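Peer 1: model this:
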Amino acid sequence: MNVLENQQQNQETSAMSSLRVRKLVISAMFLALALVMRTFFSLEIPLFGASGMRIGVTGIFTSVPAILFGPFYGMVVSGLNDFIGHHMRPTGAWIPYITMTAALAGFLRGGLWMLLRNKKAVSLRICVIIFAASALGIGISNSLLLSRDGVDGNFFEQYTLEMSVNAQGLPVRTIVDPSLIDTQNMALISQMAINRSVNAREPNELISEFIMFMTTTMIIIGIFSAALIVIGWAASKFILKERKSGDYIMALLIAMLTAALVQSLLNTFILRFTLPAWQLLPFSLVAIPRAIQSTASTIIITCIVAAIFEMCRHHPQIRKWID
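Peer 2: Residues are numbered from 1 along each chain as shown. Alright, predicted model coming up:
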């Protein structure tokens with residue numbers, strides 16, 4: 001019995017090792033394709049005097065290993081793609097934190113997909129609808145309340161005691177007298193905007209960013225979230241024509257978009273500290289166009305990844321390797 005058990009264990013160990021090797025080989029193949037696409041078929045778009053956005057199809061090949069084999073493979077392929085790709089085609093100094101956010105995005109894609117892929121599509125759609133309605137409601141109500149209270153990006157000008165400017169004439173220090181501001185009858189959102197900005201070096205800039213996030217950004221998030229329902233329905237009907245095949249498209253969209261937006265926002269924070277041209281710009285001014293571009297390209301990439309995943313699911317050999 002011991003001999004038979006040992007033989008069985010050896011066979012299982014050998015099969016597992018063989019499976020890992022095959023996954024590594026396929027992941028390496030997709031990494032090579034991603035590097036080729038990044039090096040020769042991607043376009044850098046300048047944003048406010050710096051290379052701020054990249055358009056390409058690299059994301060297709062870095063996403064497939066995460067979706068097929070799990071978060072670890074996605075993390076490794078995405079991180080290596082950023083590291084090797086930068087040194088193959090440098091566009092400036094290498095920033096290790098950017099590589100780390102790429103690896104994090106690869107991990108999130110695989111991890112969220114594993115969590116959501118077996119959830120019912122109807123439940124996911126209901127969650128997205130609730131999220132979209134909440135974001136739209138918050139954004140619209142905040143806009144109305146802030147407008148009623150007269151709180152905008154120039155709110156502190158009437159309470160300014162002293163302002164100093166730099167050589168370019170831009171304000172670098174504004175001193176406001178808080179005792180002159182009466183927030184007692186204002187809405188909570190107005191009080192939050194004022195209290196978090198009044199003691200800043202440049203309060204008008206900080207309150208502008210806060211208002212932009214709590215109004216325009218929330219409305220944009222709500223609109224894009226609502227559009228996911230339509231996109232998921234269209235993709236499941238026209239790209240993945242079988243009903244059962246189309247059930248997972250919403251889970252895939254959520255996983256891919258969440259990872260892409262987290263990466264985009266983190267990279268915007270990092271680049272604002274490293275690019276002199278962006279340091280004086282409001283965060284929202286840089287983050288919103290990058291997030292919109294990331295969302296649009298990710299939706300297209302997700303549809304292509306879904307089609308690749310569907311082909312792999314129907315392949316008799318590859319289907320056994322999918323986690």
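
Peer 1: show me where the chain has helices.
Peer 2: Per DSSP state H, the chain carries helices over the ranges 2-40, 58-69, 71-88, 96-116, 121-149, 188-195, 203-212, 218-234, 243-246, 249-274, 283-314.

Peer 1: Out of these, the one nearest Gln158 is which?
Peer 2: Gln158 sits nearest to helix 203-212 of all the helices of the chain, at 10.9 Å, using C-beta to C-beta. Every residue, glycine included, has its C-beta placed from N, CA and C.

Peer 1: orientation of the closest one relative to helix 121-149 in degrees?
Peer 2: Between helix 203-212 and helix 121-149, the angle comes out at 140 degrees (axes from the mean of the first three to the mean of the last three C-alpha atoms, to 10 degrees).

Peer 1: can you list contacts of helix 203-212?
Peer 2: For helix 203-212, contacts defined as C-beta atoms under 8 Å, 6 or more residues apart in numbering pick out 146, 151-157, 171, 174, 176, 192-194, 196-197, 200, 282-285, 288.

Peer 1: What of stretch 277-295?
Peer 2: 45, 47-50, 52-53, 55, 170, 205, 208-209, 212-213, 216-217, 220, 224, 257, 260-261, 263-265, 267-269, 271-273.

Peer 1: how does it look with 6 Å?
Peer 2: The contact list for stretch 277-295 (C-beta atoms under 6 Å, 6 or more residues apart in numbering) reads 48-50, 53, 208-209, 212, 224, 260, 264, 268, 272.

Peer 1: Then stretch 30-49?
Peer 2: Under C-beta under 6 Å, 6+ apart, the answer for stretch 30-49 is 51, 53-58, 61-62, 64-65, 77, 80-81, 84-85, 88-89, 277, 281.

Peer 1: What of stretch 91-107?
Peer 2: 51, 66, 71, 74-75, 78-79, 82-83, 86, 259, 263, 266-267, 270.

Peer 1: got it, and stretch 66-86?
Peer 2: For stretch 66-86, contacts defined as C-beta under 6 Å, 6+ apart pick out 23, 27, 31, 34-35, 38, 62, 65, 94, 99, 102-103, 105-107, 109-111, 113, 309, 322-323.

Peer 1: what residue ranges in the chain score low on pLDDT?
Peer 2: Low-confidence regions of the chain, defined by pLDDT under 70, span residues 1-16, 160-177, 179, 237-247, 317-318, 320-323.

Peer 1: ok so, going back, can you put the contacts of stretch 277-295 in TSV and add neighbour count and distance to Pro316?
Peer 2: Listed next are the contacts of stretch 277-295 as TSV, based on neighbours: other C-beta atoms under 10 Å; distance: C-beta to C-beta, whole Å:
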residue	neighbour count	distance to Pro316
Phe48	13	51
Gly49	11	53
Ala50	16	49
Met53	17	41
Ser208	21	58
Glu209	19	54
Met212	18	52
Phe224	19	38
Ala260	24	32
Ser264	20	38
Thr268	20	44
Arg272	17	50
